[in-house]
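Peer 1: Quick one, fold the following:
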Amino acid sequence: MFTEETNVDLTQNLGIDNQSFIPETDYITVSGIQPPPSGDNSNAIIPDVDNNYPWQETPNPIDNILFSQQLFDNAPPSNNEANIEEPSIDPLTGEAIFEPLTSEAIFELLSSLFNSNNRRPEISAFLANDTILNGGTNTDGITSDPSVSGFVIDDGNIQDINLQASLDTARRNNFVDVTDALNPDGSFSLNIVDFEQLYGGALTEGQHTLYLRSIDDIGRTSQVFSVDFDLDRNLYGFVNMMERELGLINTKTNDLVSVPLENIQNYPGGRPQHVLISPDEQIVYVTTDASETDPANLVALGINGIDWSNNAADLTVLDNLILEPVGTTSEYNVPIQVDPSQPIGSWTQPANTQAHGTTWLPGSSYGYLTQWTDNKIRGFDRSTNEFLPGDSFEFGEATNQTHGVTFNPSGTVALGTGYYYDDDDIEIYSVDGNGNLNLRNSIELTSPEGNGAFTHYTVWVDDRYAFTASMQFGPTSLTPEGQNIVGPSLWLLDTFEGTAERVVGTANTADESGIFRSPSDLGIAGNKLYVAEEDSLDSSFGDDGYISVYDISNINQPQFMKRLKPGEELPADFAIAHGLNVTPDESSVFVASYASNYIVKIDTETDEVEKVFSSLDGLNMPHGGFTAGRYR
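Peer 2: You can find the predicted model right below:
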């Protein structure tokens, strides 16, 4: 930012890190350095000179001190005499006569210069929770939780103050009213949801600046106060299904902690299935399966601290939401095999309710999961840990066997997959400000060669385009008459046009450029698409597993780059590449194999395996992974 020498003290307050007043300057616009404009200028960056007011021509009472001194030292100009003398009318001439004010009147005048009608509000703020990943805090400004707290001070009524904020720009038209966050005592707090709303979507890793200002009821404006922070999320979570453990990995240091869930006080029990970590790394949610002895649950665990060196974490049960009662059974239309290319896997029809596909809605506190075993989409509010009104979203057969609703970066549209045989549609949902989903339409995965079916996940490229991948090899008894099912494929979805294009077809061998095994999961880092391929739907379960990499600089024509194979880049017995999670800085990809008890970490710059976690690290059916700072 341009700065100039002024009489303002710019000395940094060493006791308050990462917070400052903006240096005092003229206005800075996209056209260069300009004097303060007389009218509205949406490109103007707010100046910080104590006597420069960007929207009002109201003087600062401090600026009147010299003028007040003149009231005593010199006779004031005639047009100001009424300010210090009481007028009366000469009965002979009819002219006004000014008489000196009393001492009490002078005191009242001087006091008025500093009362609520003349003194502008003041604002201060600080990073409320400057985290480190072991659960402690420091003052380096690098944090997973960007929450900011502060105070507005004004001699008038705080209820008449307007609090405004902007993220990463001080331009006038970017400031948004956040007065709802202001408490009666002048305190306020803003959290990551507020920042995402200011940002217009999912908040990215790296350096950010929050700008704050307050305006009183007659238009006097505080100095702009800024708080700098570096957003840095490093937590990857998963469950060890067979051990009923929560696993946590530091994505920077590769430290791993395993926590027996049933050792946590008030944990409700049940086999864990999926993980969901809040964007500020303060809460981890675990879904559990229903059984003949346990209900299906969504358990909220507060992260109090992580001791990486001693393989321990301090977790507290905050809430437990019961999804379905004990013994709730699944709802499926069970197919019959009609073609050698497509057997029917027993794993595709679990007996009881399972909750999968955990996601966040960017710019909100709303989370979602899908009961894959029926047709319910469940939404909840992490600020209250309560279900959204209405309890669940159900849209008939359209939501049968949905595996997650994934939102675009702006949080305006969601896509739902059909994780079952012959489901060849991707549902498109709109979402309102209260988190309610509405089924808008669906996209059929169709091509001249045939239809794709059985999709596990989608991944967004931007607010319009997304990729999904179809897993099914051939027809079943559920396939409509006359319809052909194409093999494992990659599809580009255009949510504006409501169309799908098969952009990568089926490979016959692992050395070909197409999709070889059933593509279970996919993620984007930079201009690369990573695809987890699992051997789960053909006639022989779990023989191998692969991870494919495509260049998507041109999303309409993905270019095959490489396929990581067992015995080469991957462990020799690696099988079922199932869950794939990209870190929020896109530097790494984690791929979990529940069948062979591996989690591999891939460096996205080299596309080489950087770290292998295995049964030697305590893995036992790792599943349902999630990286903090991502929304799927």
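Peer 1: Backbone dihedrals for Lys408, please?
Peer 2: For the record, residue 408 is Asn, not Lys. phi -70, psi 170 (degrees, to the nearest 10).
Peer 1: Now do the same for Gly523: helix, strand or coil?
Peer 2: strand (DSSP: H, G, I helix; E, B strand; the rest coil).
Peer 1: Verify the contact between it and Val582 for me.
Peer 2: Yes: using CB atoms under 8 Å, Gly523 is in contact with Val582, at 4.1 Å. C-beta: built from backbone N, CA, C; applies to glycine.
Peer 1: between these two, what contacts are shared?
Peer 2: Tyr530, Val589 (CB atoms under 8 Å, 6 or more residues apart in numbering).
Peer 1: Next one: Val531 relative to Glu569, how far apart?
Peer 2: Between Val531 and Glu569 the computed distance is 14 Å (CB to CB, to the nearest Å).
Peer 1: Give me the more crowded residue out of those two.
Peer 2: Val531 (28 against 17; other CB atoms under 10 Å).
Peer 1: Would you check that that one makes contact with Ser518?
Peer 2: No: contact criterion CB under 8 Å: Val531 and Ser518 do not qualify, at 10.4 Å.
Peer 1: can you count the residues close to Asn129?
Peer 2: 15.
Peer 1: Which secondary structure state does it sit in?
Peer 2: Going by three-state DSSP: Asn129 is coil.
Peer 1: residues near Thr253, how many?
Peer 2: Neighbour number of Thr253 under other CB under 10 Å is 10.
Peer 1: Oh, that last question was meant for Asn183, not what I typed.
Peer 2: Neighbours of Asn183 (other CB under 10 Å): 11.
Peer 1: Identify the residues contacting the closest residue in space to it that isn't next to it in sequence.
Peer 2: Leaving aside its sequence neighbours, Asn183 sits nearest to Ile158 (CB to CB, 6 or more residues apart in numbering; 8.0 Å). Ile158 makes contact with Val152, Leu182, Asn183, Pro184, Asp185, Gly186, according to CB under 8 Å, 6+ apart.
Peer 1: List buried residues within the residues you listed.
Peer 2: Buried members of these, counted by 16 or more other CB atoms under 10 Å: Val152, Leu182, Gly186.
Peer 1: so where's this protein shaky on pLDDT?
Peer 2: Applying pLDDT under 70 to the chain flags residues 1-118, 134-135.
Peer 1: Tell me the gap between stretch 573-580 and the middle of its chain.
Peer 2: 27 Å (CA atoms, centre = their mean, to the nearest Å).
Peer 1: Contacts for that stretch next, please.
Peer 2: 238, 517, 520-523, 530-536, 542-547, 566, 589-596, 598, 600, 623-625.
Peer 1: so what are the domain limits for this structure?
Peer 2: The chain is divided into the following domains under automatic domain parsing: 61-112, 120-231, 233-328, 346-506, 515-620.
Peer 1: Mind putting those into JSON lines with distance to Gln337?
Peer 2: Below are the domains of the chain laid out as JSON lines (distance: least, CB to CB, whole Å):
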{"stretch": "domain 61-112", "distance to Gln337": "84"}
{"stretch": "domain 120-231", "distance to Gln337": "42"}
{"stretch": "domain 233-328", "distance to Gln337": "26"}
{"stretch": "domain 346-506", "distance to Gln337": "7"}
{"stretch": "domain 515-620", "distance to Gln337": "10"}
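Peer 1: of all these, which lies closest to Ile336?
Peer 2: domain 346-506 (4.0 Å; CB to CB).
Peer 1: I'd like to know how many residues surround Glu243.
Peer 2: Neighbours of Glu243 using other CB under 10 Å come to 18.
Peer 1: So it versus Glu586, what's the distance?
Peer 2: For Glu243, the distance to Glu586 - CB to CB - is 30 Å.
Peer 1: got it, and Pro268?
Peer 2: Distance from Pro268 to Glu586, by CB to CB: 36 Å.
Peer 1: What's the end-to-end length of stretch 364-381?
Peer 2: Terminal residues of stretch 364-381 lie 9 Å apart, using CA to CA, to the nearest Å.
Peer 1: now do stretch 360-376
Peer 2: 16 Å.
Peer 1: Relative to Phe126, how far out is Asp381?
Peer 2: 27 Å.
Peer 1: That should have said Leu248, apologies.
Peer 2: Leu248 is 28 Å from Phe126, by CB to CB.
Peer 1: Pull the contacting residues for Ile132.
Peer 2: Applying CB under 8 Å, 6+ apart, the residues contacting Ile132 are Asn138.
Peer 1: what does the one 4 residues further on give?
Peer 2: With contact taken as CB under 8 Å, 6+ apart, Gly136 is in contact with Gly305.
Peer 1: do Met241 as well
Peer 2: Contacts of Met241 (CB under 8 Å, 6+ apart): Arg271, Pro272, Gln273, Tyr594, Asn620, Met621, Pro622, His623, Gly624.
Peer 1: Let's see that with 6 Å instead.
Peer 2: Going by CB atoms under 6 Å, 6 or more residues apart in numbering, Met241 touches Met621, His623.
Peer 1: Kindly tell me how buried Thr316 is, as a neighbour count.
Peer 2: Thr316: 13 neighbours (other CB under 10 Å).
Peer 1: what does Ile322 give?
Peer 2: 14.
Peer 1: Which residue, neighbours along the chain excluded, lies closest to it?
Peer 2: With CB to CB, 6+ apart, the residue lying closest to Ile322 is Pro295, at 5.0 Å.
Peer 1: Same check on Val589?
Peer 2: Ile602 (4.4 Å).
Peer 1: Quickly find the element holding that neighbour.
Peer 2: strand 598-603 (DSSP states H and E).
Peer 1: Could you list every helix and strand that that strand packs against?
Peer 2: strand 588-593, strand 608-613 (3 or more CB pairs under 6 Å, 6 or more residues apart in numbering; DSSP states H and E).
Peer 1: how does it look with 8 Å?
Peer 2: Counting by 3 or more CB pairs under 8 Å, 6 or more residues apart in numbering; DSSP states H and E, the packing neighbours recorded for strand 598-603 are strand 588-593, strand 608-613, strand 622-627.
Peer 1: Contacts for that strand, please.
Peer 2: Contacts of strand 598-603 (CB under 8 Å, 6+ apart): 238, 249, 251, 254, 530, 547, 564, 570-571, 574, 587-593, 608-614, 619, 622, 625.
Peer 1: and if you look at stretch 255-268?
Peer 2: Contacts of stretch 255-268 (CB under 8 Å, 6+ apart): 240, 243-250, 269, 272, 286, 288, 294-295, 297, 299, 301, 306-309, 311-313, 315-317, 320, 613, 617-618.
Peer 1: let's see it at 6 Å
Peer 2: Here stretch 255-268 has contacts from 244-249, 297, 306, 308, 311, 313, 315, 317, 320, 617-618, using CB under 6 Å, 6+ apart.
Peer 1: Can you tell me which of these is closest to Ala510?
Peer 2: Nearest member of the contacts of stretch 255-268 to Ala510, counting by CB to CB, is Asp617, at 27.1 Å.
Peer 1: Do me a favour and get the backbone dihedrals for that closest one.
Peer 2: phi -100, psi 10.
Peer 1: now swap in Ser615 and tell me
Peer 2: Dihedral angles (degrees, to the nearest 10) for Ser615: phi -60, psi -20.
Peer 1: beta partners of Leu231?
Peer 2: Counting by DSSP bridges, Leu231 is bridged to Thr143, Gly206.
Peer 1: Okay, it and Ala170: tell me how far apart.
Peer 2: Leu231 is 19 Å from Ala170, by CB to CB.
Peer 1: Identify the residues contacting Asn320.
Peer 2: If you count contacts by CB under 6 Å, 6+ apart, Asn320 has them with Pro268, Asn297, Val299.
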